[in-house]
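S.K.: sharing a model prediction with you, sequence too.
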Amino acid sequence: MQVAPEILSALFDISPSGIAIADEQGRYLQVNEAYCRLFGYSQNELIGQTFGLILLDSDKELEPEILALALNQDQSAPSEWQVKHRDGRVLFVHSAFKTFHAPDGSARILTILSDVTTLVATLRNMQDHELLLRKANENLEEIVSNRTMMLEHANKELARLATQDPLTGLYNRRAFETEAAKAIYTADRHQRPCSVLFLDIDHFKSINDQFGHAIGDEVLQKTAEKIITLLRCSDLVARWGGEEFVLLLPDTPLEQALVVGEKILDAIRSLQLFNTQIQITISGGLVERQLNTPLEHTLQQADMLLYQAKQSGRNRLASAPALPQHVDSLLVAYPNACVSQ
C-alpha cells in the first residue's frame with residue numbers, strides 16, 4: 001500500500017530533523033521549517049542557493065567533490081559534519097542522503113540533517129573531563145608514590161635513629177639489648193659459648209676538660225671505628241653510654257675473647273688523633289656467659305671486672321669465668337680474676 005502524498009508532505013513539514021531536496025547542481029529546491037531553523041535562514045533565502053551556503057569557509061572548495069559523491073553513490077551511511085550557521089556559529093550535524101535519478105538525467109538529492117551540536121559538545125566536555133581526571137589520577141598516583149617513598153625513607157631513618165648512637169654510628173643501648181637477646185637465645189639453643197666485654201676509655205673526663213668536647217667526641221668516634229675493624233660480622237658492639245662500650249662475642253669462649261680484648265687495647269694505645277698528642281688507653285672487663293643466664297647478670301659481672309681493671313691501674317683487661325646466676329656479682333669480688341696489662 002502506497003503512502004498518500006499528503007502524508008509524505010506532512011511528514012516533510014513536521015519532521016524535527018532538517019530536510020532538504022536539491023537538484024543535480026546542488027541547488028535547494030525545497031527545505032522544511034526544521035532545516036531553516038537549523039541554519040537561521042528563511043525558505044525564500046535558501047531556495048535556489050547551493051548547499052555551499054552552509055559549508056565552513058575551509059570546506060567550500062570541497063563542494064564539487066561532495067556533490068559528485070551524492071550523485072554517484074545514490075545514498076550514504078549516516079555521518080557527522082561540521083557546517084556553518086547564518087551567524088557564523090559552527091554546528092555539528094548528523095547527516096544522511098539519498099539520490100533519486102530520473103530517466104532524463106536529472107536528479108533529486110534528499111538530505112536529512114539532525115543537530116548534534118549540544119551532544120558533541122557534551123561528549124567533548126566529558127572526554128576533556130575524563131582526560132583531566134586521568135591526569136589528576138596520574139598526578140595523584142605520582143604524589144602517593146612519592147609520599148610513600150618519603151614515608152618509607154622517614155621510617156627507615158626513624159628506625160636507624162632509634163637503634164643507632166648518633167655520634168659513633170654504633171648500636172645504642174636499647175638496640176644492643178634487643179640484638180644481644182637474639183644472640184644468647186641462639187647460644188642457649190645450640191649450647192654455644194659467648195663472651196661479654198665492657199670497655200671504658202681511661203681518664204676521658206680529663207680529655208674533655210683539657211682539650212674540649214670536640215676532641216672528646218673525636219676520641220669516641222676513633223675508638224668506635226678502631227673497635228669495629230677488629231670484630232667479626234657476627235659480633236655485636238654498642239656505645240653503652242658516655243665513654244663506655246659493650247661487646248658481645250658469639251661462639252667465643254673466654255680464651256678466644258681474651259685475644260680479641262687484648263687486640264682492642266693494643267689498637268687503642270696506638271690510636272693517633274689529628275693535631276693532638278693525646279695518649280688514649282682503655283680498660284676492659286671480660287666474662288664468658290654461662291648458658292641460660294640472663295644477659296643482665298652477665299653484664300653486671302663484666303662491669304664488676306671493668307671496675308677491677310680500673311682499680312688495678314687502668315689500661316688493662318680483667319677477666320674471669322662467669323659466676324653462677326645465684327651469686328650476686330655486685331656483692332662478690334673476683335678473687336680469681338686475671339688482670340692483664
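M.R.: In hand now; what should we look at?

S.K.: drop to CA atoms for contacts and neighbour counts, all remaining ones
M.R.: OK.

S.K.: in the stretch 51-200 of the chain, which spans are helices?
M.R.: Taking DSSP state H, counting those that start in this stretch as the test, the helices found in the stretch 51-200 of the chain are 63-73, 117-163, 173-189.

S.K.: which of those is buried the deepest?
M.R.: The highest mean neighbour count among those, using mean count of other Cα atoms under 10 Å, belongs to helix 173-189: a mean of 16.

S.K.: next, the angle helix 117-163 makes with that one.
M.R.: 70 degrees (axes from the mean of the first three to the mean of the last three Cα atoms, to 10 degrees).

S.K.: who touches helix 173-189?
M.R.: Here helix 173-189 makes contact (Cα atoms under 8 Å, 6 or more residues apart in numbering) with 162-164, 192-194, 236-241, 248, 250-251, 291-292, 295.

S.K.: which of the residues you listed are buried? Put it as a ChimeraX command.
M.R.: Burial among the contacts of helix 173-189 is assessed by 16 or more other Cα atoms under 10 Å; the matching ChimeraX selection reads:
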select :163,164,192,193,194,236,237,238,239,240,248,250,251,291
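
S.K.: the contacts of helix 173-189 in strands, which ones?
M.R.: Secondary structure assignment by DSSP state E places 194, 236-241, 248, 250 of these in strands.

S.K.: quick one: least confident helix or strand in the chain?
M.R.: strand 338-340 (a mean of 64; mean pLDDT, DSSP states H and E).

S.K.: for Gly284, what are its contacts?
M.R.: Applying Cα under 8 Å, 6+ apart, the residues near Gly284 are 197-200, 261, 305-306, 309, 316-318.

S.K.: and if we set it to 6 Å?
M.R.: Gly284 makes contacts with 198-199, 306, 317, as judged by Cα atoms under 6 Å, 6 or more residues apart in numbering.

S.K.: export stretch 94-112 to PDB, keeping only CA atoms.
M.R.: Extracted C-alpha coordinates of stretch 94-112, given in PDB (Å, rounded to 0.1, in the frame of the first residue of the first chain):
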ATOM      1  CA  HIS A  94      24.300  14.100  11.800                       C
ATOM      2  CA  SER A  95      23.800  13.700   8.000                       C
ATOM      3  CA  ALA A  96      22.300  11.100   5.600                       C
ATOM      4  CA  PHE A  97      21.300  11.500   2.000                       C
ATOM      5  CA  LYS A  98      19.700   9.600  -0.900                       C
ATOM      6  CA  THR A  99      19.800  10.500  -4.500                       C
ATOM      7  CA  PHE A 100      16.900   9.800  -7.000                       C
ATOM      8  CA  HIS A 101      17.900   9.800 -10.700                       C
ATOM      9  CA  ALA A 102      15.200  10.500 -13.400                       C
ATOM     10  CA  PRO A 103      15.300   9.000 -16.900                       C
ATOM     11  CA  ASP A 104      16.000  12.400 -18.400                       C
ATOM     12  CA  GLY A 105      19.300  12.600 -16.500                       C
ATOM     13  CA  SER A 106      18.100  15.000 -13.800                       C
ATOM     14  CA  ALA A 107      18.500  14.100 -10.100                       C
ATOM     15  CA  ARG A 108      17.000  14.900  -6.800                       C
ATOM     16  CA  ILE A 109      19.200  14.700  -3.700                       C
ATOM     17  CA  LEU A 110      17.300  14.200  -0.400                       C
ATOM     18  CA  THR A 111      19.300  15.200   2.600                       C
ATOM     19  CA  ILE A 112      18.300  14.800   6.300                       C
END
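
S.K.: which residues of this structure score low on pLDDT?
M.R.: Counting by pLDDT under 70, the chain has low-confidence residues at 1, 74-78, 274-276, 322-341.

S.K.: got the domain ranges for it?
M.R.: Using automatic domain parsing, the domain parsing of the chain gives 5-115, 128-163, 173-340.

S.K.: so who does Leu161 touch?
M.R.: So Leu161 contacts nothing (Cα under 6 Å, 6+ apart).

S.K.: redo that, cut-off 10 Å
M.R.: Taking Cα atoms under 10 Å, 6 or more residues apart in numbering, we find Leu161 in contact with 155, 169, 171-172.

S.K.: which parts of the stretch 201-341 of the chain are helices?
M.R.: 204-211, 213-229, 254-269, 295-311.

S.K.: return the most buried member of the domains of the chain.
M.R.: Of the domains of the chain, domain 173-340 is the most buried (mean count of other Cα under 10 Å), at a mean of 18.

S.K.: and the helices of the stretch 201-341 of the chain: which comes nearest Arg124?
M.R.: Nearest to Arg124 among those is helix 213-229; the distance by Cα to Cα comes to 67.0 Å.

S.K.: so the closest one versus helix 254-269, what angle?
M.R.: Using the same axes, to 10 degrees, helix 213-229 lies at 140 degrees relative to helix 254-269.

S.K.: tilt between helix 213-229 and helix 204-211?
M.R.: Going by the same axes, to 10 degrees, helix 213-229 makes 130 degrees with helix 204-211.
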